[in-house]
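Asker: could you work out the structure for the sequence below:
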Amino acid sequence: KTLDNITRWEMLKIMLNLAWLKPNTTCTNKFSDITATTPNNWVCFYAEKALENSLISNNKNFRPNDKISKSESLKMIMSWIWIKVDYKNETWQQDFVTKALNLKLIDKQFQDFNNSAIRWFIFNIAANAINNTTLMTQTSQSCISTKTYAIENTSKKCVVFPNTCIPKNYTKTESCLEEK
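Answerer: Presented below is the predicted three-dimensional model:
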């Protein structure tokens, strides 16, 4: 299954799990093509939580059943760890690929931005992000699988990470008043 493509709604589930975010419990119809019941009873809850946390862009449609592209999945993962990208190239896709290459999230340049991403591609980038000591602060000698609370330095949002490796723009804290 690692060579299978992935839909945009499946990617939402992966991203919220990576970010240790709980989906919303209500849907306010921020996207015209998804509701609390269409295409199923949970996509809207995940999409709106992802939007609130800047994991996806605020577009009119979400296109949940479309295959996620390589550049879309790269952007979501980089947004998850709050990587800022300077827009210098002809396309936003090239800007994200260049930054990801510089940070060693990917090991080679690619131009097929709109090709569908396979599961291996997505999981490899996420693993590279978690294991990248330039991006992540290890709060112990290695990334230990345990809840770790941290405050994002700019937005002051408190989030829960699934392990002791947190992005460098977060500060570890003992708890969050309200887990997200």
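Asker: in the chain, where's the longest helix?
Answerer: In terms of residue count, the longest helix belonging to the chain (DSSP state H) is helix 119-131.
Asker: contact partners of it?
Answerer: Where contact means CB atoms under 8 Å, 6 or more residues apart in numbering, the residues beyond helix 119-131 that reach it are 1-6, 11, 14, 18, 68, 70, 73-74, 77-78, 80-81, 100, 104-106, 135-136, 143, 163, 165. C-beta coordinates here come from the backbone N, C-alpha and C atoms, glycine included.
Asker: out of these, list just those in helices.
Answerer: 11, 14, 18, 70, 73-74, 77-78, 80, 100.
Asker: possible to save those as a markdown table with neighbour count, pLDDT and distance to residue 158?
Answerer: Written out in a markdown table, the entries for the ones in helices among the contacts of helix 119-131 read as follows (neighbours: other CB atoms under 10 Å; pLDDT from 0 to 100; distance: CB to CB, whole Å):
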| residue | neighbour count | pLDDT | distance to residue 158 |
| --- | --- | --- | --- |
| 11 | 24 | 94 | 24 |
| 14 | 19 | 92 | 22 |
| 18 | 19 | 83 | 17 |
| 70 | 23 | 96 | 32 |
| 73 | 24 | 94 | 26 |
| 74 | 24 | 94 | 26 |
| 77 | 24 | 90 | 21 |
| 78 | 21 | 88 | 21 |
| 80 | 21 | 81 | 16 |
| 100 | 24 | 92 | 27 |
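Asker: what's the closest of those to residue 28?
Answerer: When the ones in helices among the contacts of helix 119-131 are compared for distance to residue 28 (CB to CB), residue 11 wins out at 20.9 Å.
Asker: about what we covered before: ok, the ones in helices among the contacts of helix 119-131 vs residue 59, which is closest?
Answerer: When these are ranked by distance to residue 59 (CB to CB), residue 11 comes first, at 14.7 Å.
Asker: thinking again about what came up before, any idea of the mean pLDDT for the longest helix of the chain?
Answerer: Helix 119-131 carries an average pLDDT of 89.
Asker: list the buried ones in that helix?
Answerer: Applying a neighbour-count criterion of 16 or more other CB atoms under 10 Å, one finds 119, 121-122, 125-126, 128-130 buried in helix 119-131.
Asker: cool, stretch 1-16 as well?
Answerer: Going through stretch 1-16 with 16+ other CB under 10 Å, the ones that come out buried are 6-16.
Asker: make a markdown table out of those residues and add distance to residue 94.
Answerer: As requested, the buried residues of stretch 1-16 are exported to a markdown table (distance: CB to CB, whole Å):
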| residue | distance to residue 94 |
| --- | --- |
| 6 | 22 |
| 7 | 24 |
| 8 | 21 |
| 9 | 26 |
| 10 | 25 |
| 11 | 21 |
| 12 | 24 |
| 13 | 28 |
| 14 | 24 |
| 15 | 22 |
| 16 | 27 |
